[in-house]
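Student: Provided below for reference: sequence and predicted model.
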Amino acid sequence: MTLVSINVCVRDGVSWVDECLHALVNQTHRPLEIILVDDGSSDGTTMKVEEWGKHELVESISTSPLGLSAARMAAVEASKGTWVAITDIDVRPEPDWIEKMLLQLSASEEENVYAVTGRTRFGRADDIVSQVRSIEIETKYQNRSRRTSLANGPCSMFLREKLLSVGGFNPEWYHAEDMEVSLLLIQAGGQIVYTPEAIVSHIPETEFSRFFKKRMRDARAHTRIVRKYPSKSRQGPGFDFMGSSWLILCLIPLLAINVSIIAANQLYNVEFFSLHHVLSFTLLVIWAILFWRKPIFFVILKKPFSGFVLLIIWSVALWLGIIMGFFDAVTKRNGHL
């Protein structure tokens, strides 16, 4: 039987540790080891991690606060398994998560598989943030092909030998470490396969502020990815996990143009039905039609005010992340947070 090492890292997440670890130790696959890394917590997580380190399947590691990528790498180096699975502390894998990913390997023996990735389901609460996030992620997975370009951080498994051969998780990376290592594995000649039956559940993502910070961090990291791995140099399938981001990105410029034209009309008595008005309004209508085709439209429709505020926050976060990403490029920083 194949030894699988599950790696999970935590910083200041004491309330999440027990549920996540219970889900991991109850995996149906054996043999199994779990490497639990405390990345410099200050809220009581360290004590909780040490308690779980006494479990026969769990090895606990404590580090200074170095960041997720460095913590993941520490776990990989401590792992003994042929395959290394990674997940997040706010995720609850189904009992057969590992088993389902291993079954995918037996079905693809002729392929050069370096990684297998499963499906993440985001929980929904009563708030607009968690509902939009849940639908958006669900839609991304619906459009995913079997051969993919991304081994998602919360639900993936890597061939340890190949992961180490491409350098593993670079401690200098901030966020999107799963995307960067996926591209490196594909460049090395490997394939990443998607198995929708391998499911993990993410706790509901609530709060506007948390949503804003995460989307800004996403955009900043993806700017680094595009800069470092331009499309002409990438191999394998294209990015398949962008979702509504490009459409949301266009919202702020379109609104700014229309508001500016209306303001100009009021201040300088510009003819309202000028060519500029017609073109800008037409673009906004086209955007609305494209957005109407997205499943999240119907979620926004139920709570139009908070939904529109969320769209604005989302668009602003993406633009700020891109600007920060360009600043990183100019200053030759990785933007490590």
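Tutor: On my side now, so go ahead.
Student: then the lengthiest strand in the chain to CSV, C-alphas only?
Tutor: As assigned by DSSP state E, the longest strand anywhere in the chain is strand 191-202. C-alpha atoms of strand 191-202 as CSV (Å, rounded to 0.1, in the frame of the first residue of the first chain):
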residue,chain,number,x,y,z
GLN,A,191,0.4,16.2,-15.8
ILE,A,192,-2.2,17.3,-13.2
VAL,A,193,-5.5,15.5,-13.3
TYR,A,194,-8.8,16.5,-11.7
THR,A,195,-11.0,14.1,-9.9
PRO,A,196,-14.4,15.7,-8.8
GLU,A,197,-15.2,12.8,-6.5
ALA,A,198,-12.4,13.8,-4.1
ILE,A,199,-14.2,16.4,-2.1
VAL,A,200,-13.3,18.7,0.7
SER,A,201,-15.6,21.3,2.4
HIS,A,202,-14.4,24.8,3.1
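Student: Residues touching the helix or strand that comes right after it, excluding its own?
Tutor: Tracing the chain past strand 191-202, the next element assigned as helix or strand by DSSP states H and E is helix 208-228. Helix 208-228 is contacted by residues 129, 133, 174-176, 179-180, 183, 205, 245, 309-310, 313-314, 316-322, 324-326, 328-329, 334-335, 337 when judged by Cβ atoms under 8 Å, 6 or more residues apart in numbering. (Glycine included, C-beta is placed from N, CA and C.)
Student: Which ones among those lie within strands?
Tutor: Among the contacts of helix 208-228, none falls in strands (DSSP E).
Student: Separate out the buried members of these.
Tutor: 129, 133, 174-176, 179-180, 183, 205, 245, 310, 313-314, 316-319, 321-322, 324-325, 328, 334-335 (16 or more other Cβ atoms under 10 Å).
Student: same for the longest strand of the chain, what does it pack against?
Tutor: strand 91-93, helix 97-106, strand 113-122, strand 147-148, helix 177-187 (3 or more Cβ pairs under 8 Å, 6 or more residues apart in numbering; DSSP states H and E).
Student: what is the mean pLDDT for the second one?
Tutor: When the per-residue pLDDT values of helix 97-106 are averaged, the result is 92.
Student: Check what contacts that helix and list those residues.
Tutor: 2, 4, 6, 27-29, 32, 83, 85, 94, 113, 116, 118, 155, 157, 193, 195, 197-200.
Student: Repeat the analysis, applying 6 Å as the threshold.
Tutor: Applying Cβ atoms under 6 Å, 6 or more residues apart in numbering, the contact partners of helix 97-106 are 4, 27-29, 116, 157, 193, 195, 197-198, 200.
Student: give me the low-pLDDT residue ranges for this structure?
Tutor: Counting by pLDDT under 70, the chain shows low-confidence ranges at 107-110, 232-242, 264-277, 334-337.
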